[in-house]
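Student: everything below, folded, please.
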Amino acid sequence: MDVDVIEIDGPAKLKYAATLPRVIARSRSVDLVHAHFGYSGWLGLAQPWRPLVISFMGHDLLGRHDAWGRVTAASQVEIRLNRAAARRADAAIVKSDGMAAVIADARPHVVPNGVDMTRFVVRDRIDARLQLGWDPEARIALFPGCPAFANKGYDVATAAVARATDRLGAPVELKVLWDVAPSDVPAHMAAADAMVLASEQEGSPNVVKEALACELPIVATPVGDVPQLLADSPGCYVRPRTPEALGDALAEALVQGRLTCGRALLIARRLDEESIAKRVVALYHAVLRSREVAR
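Tutor: Next up, the predicted model:
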């Protein structure tokens with residue numbers, strides 16, 4: 001399969017409009033268009049010649065929340081438009097059952113992103129810390145997300161780390177996994193002792209699957225498909241979004257140490273990158289066959 005990628009970049013408010021002419025021009029020379037994210041799906045619908053698959057990624061269907069946990073007015077409009085786009089597309093992909101419920105009338109396919117098992121591997125923790133310049137003796141928890149995004153719960157994670165410090169009687173340091181080059185993410189996961197996902201909402205967070213591939217203990221809130229991802233994984237904890245619940249679980253995870261089941265769980269559930277790619281390709285073929293039958 002040959003893939004022609006159109007990268008959507010530029011100023012946030014203008015980049016989609018600026019990309020539209022390229023999408024229309026280049027769609028004529030392909031068999032199928034696969035748009036990733038709701039806004040990209042709108043671009044895909046602007047070309048009338050080729051079948052369209054839209055992958056929704058998370059907040060494009062679940063919305064962004066304000067400080068009180070309510071979906072913002074702008075997100076409500078976005079969700080309505082994306083639901084309409086899903087109905088017009090030839091197929092829609094979502095990352096979790098919760099997202100699928102939002103566009104149930106479009107009969108979406110639940111296909112989470114896969115993990116590159118050759119990049120996210122078990123590494124010696126001390127070697128990874130030396131690479132990053134981290135203290136080899138420290139207890140370190142990893143926070144995956146932008147601290148400025150309220151949904152990610154940096155304040156909750158910080159309070160949970162303070163709780164774990166009190167429980168253990170020894171300091172726990174919180175490192176932020178944000179503004180990090182993608183090539184350095186596996187080293188951060190190898191160097192940490194545990195990961196704290198304190199989000200209020202997620203679809204199917206890749207960081208959880210990547211942490212499992214690195215055998216990194218995970219403490220997480222029950223968002224998206226996280227409860228299913230971490231089921232049957234000793235050393236991982238799904239807890240309510242409170243500093244007390246997350247902090248107590250973090251203390252346990254730090255004492256227990258590295259996982260031994262993460263990679264096996266991913267393989268058993270076919271969440272490796274190759275297995276997921278095969279599912280997406282099978283969907284492409286189904287869409288193309290459907291278009292041929294309809295002619």
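
Student: isn't there a helix covering Leu246?
Tutor: Yes. Per DSSP: H, G, I helix; E, B strand; the rest coil, Leu246 lies within a helix segment.

Student: quick check: it touching Ser199?
Tutor: No. The pair Leu246 / Ser199 is not scored as a contact, 11.2 Å apart, by C-beta atoms under 8 Å. From N, CA and C alone the C-beta is placed, and that goes for glycine too.

Student: intersection of neighbour lists for the two?
Tutor: Thr221 (C-beta atoms under 8 Å, 6 or more residues apart in numbering).

Student: who has more neighbours out of those two?
Tutor: Leu246 (28 against 21; other C-beta atoms under 10 Å).

Student: OK, contacts around that one?
Tutor: Here Leu246 is in contact with Val156, Ala157, Ala160, Arg163, Val196, Ala198, Val219, Thr221, Arg239, Pro240 (C-beta under 8 Å, 6+ apart).

Student: what stretches of the stretch 151-295 of the chain score poorly on pLDDT?
Tutor: 294-295 (pLDDT under 70).

Student: would you map the strands across it?
Tutor: 172-177, 194-197, 218-220, 237-238 (DSSP state E, counting those that start in this stretch).

Student: got the contact list for the residue lying closest to Ala138 once chain neighbours are set aside?
Tutor: Counting by C-beta to C-beta, 6 or more residues apart in numbering, Ala138 lies nearest to Glu173, which is 5.2 Å off, once chain neighbours are set aside. Neighbouring residues of Glu173 by C-beta under 8 Å, 6+ apart: Asp135, Ala138, Arg139, Ile140, Ala141, Val161.

Student: could you rerun that using 10 Å?
Tutor: Taking C-beta atoms under 10 Å, 6 or more residues apart in numbering, we find Glu173 in contact with Trp134, Asp135, Ala138, Arg139, Ile140, Ala141, Leu142, Val161, Thr165, Ala192, Asp193.

Student: give me the helices and strands touching the helix or strand that contains Arg80, please.
Tutor: In the assignment (DSSP states H and E), Arg80 maps to helix 73-88. The helices and strands touching helix 73-88, judged by 3 or more C-beta pairs under 10 Å, 6 or more residues apart in numbering; DSSP states H and E, are helix 38-45, strand 52-55, helix 59-62, strand 91-94, helix 97-102.

Student: can you list the domain ranges for the protein.
Tutor: Here the domain parsing of the chain from automatic domain parsing is 15-114+272-294, 125-268.

Student: which of those domains sits most buried?
Tutor: domain 125-268 (a mean of 19; mean count of other C-beta atoms under 10 Å).

Student: how long is that one end to end?
Tutor: End-to-end distance for domain 125-268: 26 Å, by C-alpha to C-alpha, to the nearest Å.

Student: spatially central, which residue of this structure would that be?
Tutor: Centroid-nearest residue in the chain, with C-alpha atoms, centre = their mean: Pro205, separated by 2.8 Å.

Student: all helices for this protein, in order.
Tutor: Secondary structure of the chain by DSSP state H: the helices cover 15-27, 38-45, 59-62, 73-88, 97-102, 125-132, 154-168, 185-191, 206-213, 226-229, 243-256, 262-268, 273-294.

Student: just how off-centre is stretch 95-113 within its chain?
Tutor: The chain centre lies 14 Å from the centre of stretch 95-113; the measure is C-alpha atoms, centre = their mean, to the nearest Å.

Student: quick one: end-to-end distance for that stretch.
Tutor: 7 Å.

Student: just stretch 115-129 next, same as before
Tutor: 23 Å.

Student: and the two most separated of the contacts of Leu246?
Tutor: Arg163 and Thr221 (14.8 Å; C-beta to C-beta).
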